[in-house]
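Colleague: Compute the structure for the input listed below.
(2 chains)
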Amino acid sequence: MSPPLAISVEGLSKRYLLGHNAPSADRDATLRDGIVHGAKDLARKTRDMLSGRQIVQGDTVEEFWALRNVAFEIPQGSRVGIIGRNGAGKSTLLKLLSRITEPTSGRIAIRGRVASLLEVGTGFHPELSGRENIFLNGAILGMSRREIQAKFDEIVEFAEVNRFLDTPVKRYSSGMYVRLAFAVAAHLESEVLIVDEVLAVGDAQFQAKCLGKMKDVADSGRTVLFVSHNLPSIAALTQTCVHLSGGEVDFIGPTGEAIERYLGAGASAALQYIRPKDAKPSALEVSALTVKTSLPGNIQVNGEQFEVLIDIRAGKRVTRACLSIQIFDAEQCNFVHLWCHDLSFDTANQTAYKVRCVTPRLRLYQGKYRLRVFLDEPPGGVHFETIDGVCPFEVVMGDNSRLFKWWPKECAYIEDAQWTSSAISATVKEEAI
Amino acid sequence: MARSVRSCAPPTAPWHAVRATIRCTPHQGRVDPGRSRTVSTQTLVIEAGRAERHYWRDLWRYRELFAVLAWRDVAVRYKQTVIGLAWVVVQPLASVLVFTIIFGKLAKLPAPAGVPYALMVFAALLPWQLMSSSLTSAAGSLVGNSGLISKVYFPRLIIPVSAVMVCFVDFAVALVVFALLMAWYGLLPPPQVLLLPLFLLLGFAAAIGPGLLIASLNVRYRDFRMLVPFLVQFGMYLSPVAYSSTVVPEQWRTLYYVNPAASVIDGFRWCLLGGEAQVWWPGFGMGCAVTALLLWVGVRQFRRTERNFADMI
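Modeller: Residues are numbered from 1 along each chain as shown, chains lettered A, B, ... in the order given. Predicted coordinates for the structure are as follows:
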């Protein structure tokens, strides 16, 4: 029995009218031209007004389809991301789903109450205090007064603005403002939650909190629709993605594939290091370095396969080489060392080699990392080269199972362990250990 | 053409290989006896040009938002002021003073016997201030709340009506001041003062009808914003605020009472002062009819254009 559909969209389209002004060289060269132009404008606007059409500023009007024939279905309880370039129609789609604007054609069916977060701090009034704004914002987002009262302490704690509750919001720092705004929104209770890029607020600590809260929301069986440009957070939060391109649905399916389609040809660019033309030549050189993370777009999921491909070119004859790779973070702390110290090749026969290093389960904790590669002869020999700080990638925690949130810098890596427990008898015995 | 959904295998949400078609049969949500809200299992359908059947029910559901927005407008007014609420008292008193001096003493406009000119003017200013400030607040409310309209869904009718609530607060305070003034003159209101709420309601309806109309037109064509100060200014001279409606000559009476404010002000004077201040009932009937018409037109226009507010604002 398949789960019921929370959202079903068929043939959805939205059209806007754009006005264009004639090129300025042609307009209004003489006073007569100016008057004629003004009169024509007035006539056109009056005609539009009388026939009930929208008035558009400009000389010519063009139709612009922000969305065209979009269709998809979202089962209840799923977490879906919507990705696409700027102007692909993501925000328009969210506005249509939130009933803020009406479609030009097509149909949406939504089951359950919808709560939309299209902007942080909607309706906040700068003159009112933090406490008053919590009630105001909560009411605007659809919470009843009783609900807000019940969750008031949680909201204040989440936002960490206890001392400043009674000062007018215009005195808040921008960080406090967005924390308060998100805290109210984070406690919405509805069957469907629609979030538009509002996670990009606050410091890293707070972003982790927000992401964790979103995961809680999704885990509680609610349907979450999430729009973001931040691909790692989309990867961490969603299982399926809708990729919009130019107002049309390009792809619906697993997040990894959708991200790949979104990034397109540029997907591997950032993860590839190509030896620059002016680098010092060496007997053995790294001509290219490619990192294959478990998800496209430089995103590696903790616990999944990580691959490094190194292209080596030999200028002179080399019999033995040692290759090692270090993975380090933004603070230059080295975390992982991978090495192969017996690369042997007889470079008389071949001049280019491809070396592949696969880590079946990369246990690194979430964070941003880069690579450093050393190429040497065995100790006592020549050092060929070092490539430093290339191929940046980000590790995100996958869907795995932990009750508590993942805080930044909580640990270096995730280790496997086996846990056993057994009951101890009630009489106290001293045992030699 | 609808896209078929590809099947894949994430553990928690299986996609269908075959697209299911949704037939819209909105079924009622179950009512949980322990809670006052329905547990929503209702299906909402959004389509172009579809009349929103649940609109009036939505309005009831969002009644708390209405209260919050009204409270917000009132609370914000006097933040960071020193004497705060006292300003609400000063304004009507100042108007009455100016009117009494200019129109009563200098221009010597007649007042009905037994009633001081100041009271006659005040009794008219009460509904007039309510109506004119309601019209002004309602007309500008949509554009003033454009942030809300473009980001959140709720029935937009709430905005102009909540904007008017501030004017009611002012009215209540002014009414108290009026009562004090009457006590100072040693006059008692006649028994028909109990009918005052009816005329109050008529005044509210007479202001909100045009208010909604202008507000919805203003979203599209910003010229309408300029119209309101004109209406208010001419309206004050066309309504019996500074003078009694008895001075209007017979042949113009019918036309005069097309202005609904005339009937409302007459009614207020009759209820509060009694005596010679009378209501001309045919005129009152016409005022009611005009009010009803304006209200119907206003609400209809508002509802029709409401869906496109977010695109145009």
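Colleague: Domains in chain A, by residue range?
Modeller: Under the assignment named as automatic domain parsing, the residue ranges that make up the domains of chain A are A:5-66, A:75-265, A:275-396.
Colleague: among those, which is nearest residue B:275?
Modeller: Of all the domains of chain A, it is domain A:75-265 that lies closest to residue B:275, at 45.7 Å by Cβ to Cβ. For glycine as for every other residue, the C-beta is placed from the backbone atoms N, C-alpha and C.
Colleague: Residue A:19 should be in a strand, yeah?
Modeller: Yes: applying DSSP: H, G, I helix; E, B strand; the rest coil, one finds residue A:19 inside a strand.
Colleague: Please give me every residue in contact with it.
Modeller: By Cβ atoms under 8 Å, 6 or more residues apart in numbering or on different chains, residue A:19 lies in contact with A:56, A:57, A:58, A:59, A:60, A:61, A:62.
Colleague: Make JSON lines out of the domains of chain A and add mean pLDDT.
Modeller: Formatted as JSON lines, the entries for the domains of chain A read as follows, by pLDDT from 0 to 100:
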{"stretch": "domain A:5-66", "mean pLDDT": "79"}
{"stretch": "domain A:75-265", "mean pLDDT": "86"}
{"stretch": "domain A:275-396", "mean pLDDT": "84"}
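Colleague: Deepest-packed of the ones you listed, please.
Modeller: With neighbours taken as mean count of other Cβ atoms under 10 Å in any protein chain shown, the domains of chain A reach their highest mean count in domain A:75-265, at a mean of 20.
Colleague: so which of the domains of chain A comes closest to residue B:286?
Modeller: If you check each of the domains of chain A against residue B:286 by Cβ to Cβ, domain A:5-66 wins as the nearest, at 29.6 Å.
Colleague: Skipping adjacent residues, who's closest to residue B:96 in space?
Modeller: In space, not counting the residues next to it along the chain, residue B:96 is nearest to residue B:122; the distance is 4.8 Å by Cβ to Cβ, 6 or more residues apart in numbering or on different chains.
Colleague: Any idea how many residues pack against that neighbour?
Modeller: Around residue B:122 there are 25 other residues, counting by other Cβ atoms under 10 Å in any protein chain shown.
Colleague: on that earlier part again, closest one to chain B out of the contacts of residue A:19, please.
Modeller: Within those, the smallest distance to chain B is 10.4 Å, found for residue A:56 (Cβ to the nearest Cβ).
Colleague: In contact with that closest one, which residues?
Modeller: Counting by Cβ under 8 Å, 6+ apart, residue A:56 touches A:17, A:18, A:19, A:48.
Colleague: Relative to residue A:257, how far out is the residue in the stretch 151-300 of chain A positioned nearest to chain B?
Modeller: When distances are taken as Cβ to the nearest Cβ, the stretch 151-300 of chain A approaches chain B most closely through residue A:239, which lies 4.1 Å from it. In this structure, residue A:239 lies at 12 Å from residue A:257, with Cβ to Cβ, to the nearest Å as the measure.
Colleague: and what of residue B:56?
Modeller: Using Cβ to Cβ, residue B:56 is found at 46 Å from residue A:257.
Colleague: buried residues in stretch B:239-255?
Modeller: B:239, B:240, B:241, B:242, B:243, B:244, B:245, B:248 (16 or more other Cβ atoms under 10 Å in any protein chain shown).
Colleague: okay, how far is it across that stretch, tip to tip?
Modeller: With Cα to Cα, to the nearest Å as the measure, stretch B:239-255 spans 12 Å from end to end.
Colleague: can you list the residues that contact it?
Modeller: For stretch B:239-255, contacts defined as Cβ under 8 Å, 6+ apart pick out B:99, B:103, B:109-112, B:120-121, B:124-125, B:128, B:236, B:256, B:259, B:261-262, B:265-266, B:269, B:277, B:280, B:282-283, B:286.
Colleague: Of those residues, grab the buried ones for ChimeraX.
Modeller: In ChimeraX, this line selects whichever of the contacts of stretch B:239-255 come out buried by 16+ other Cβ under 10 Å:
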select /B:99,103,109,111,112,120,121,124,125,128,236,256,259,261,262,265,266,269,277,280,283,286
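Colleague: can you give me the strands for chain B?
Modeller: With DSSP state E applied, chain B shows strands at B:30-31, B:38-39, B:43-47, listed in chain order.
Colleague: returning to that earlier point: wait, the residue of the stretch 151-300 of chain A closest to chain B sits on residue A:77?
Modeller: No: in this structure, residue A:239 is not within contact of residue A:77 by Cβ atoms under 8 Å, at 10.8 Å.
Colleague: Let me know the pLDDT of the nearest residue to residue B:231 once chain neighbours are set aside.
Modeller: Taking Cβ to Cβ, 6+ apart, and ignoring the residues beside it in sequence, residue B:231 has residue B:135 as its nearest neighbour in space, at 6.9 Å. Here the pLDDT value assigned to residue B:135 is 94.
Colleague: where's residue B:135 relative to residue A:110, distance?
Modeller: As it turns out, when the distance is counted by Cβ to Cβ, residue B:135 lies 37 Å from residue A:110.
Colleague: do residue A:412 as well
Modeller: Counting by Cβ to Cβ, the separation of residue A:412 from residue A:110 is 44 Å.
Colleague: Would you check that the residue nearest to residue B:96 makes contact with residue B:97?
Modeller: No: using Cβ under 8 Å, residue B:122 is not in contact with residue B:97, being 10.1 Å away.
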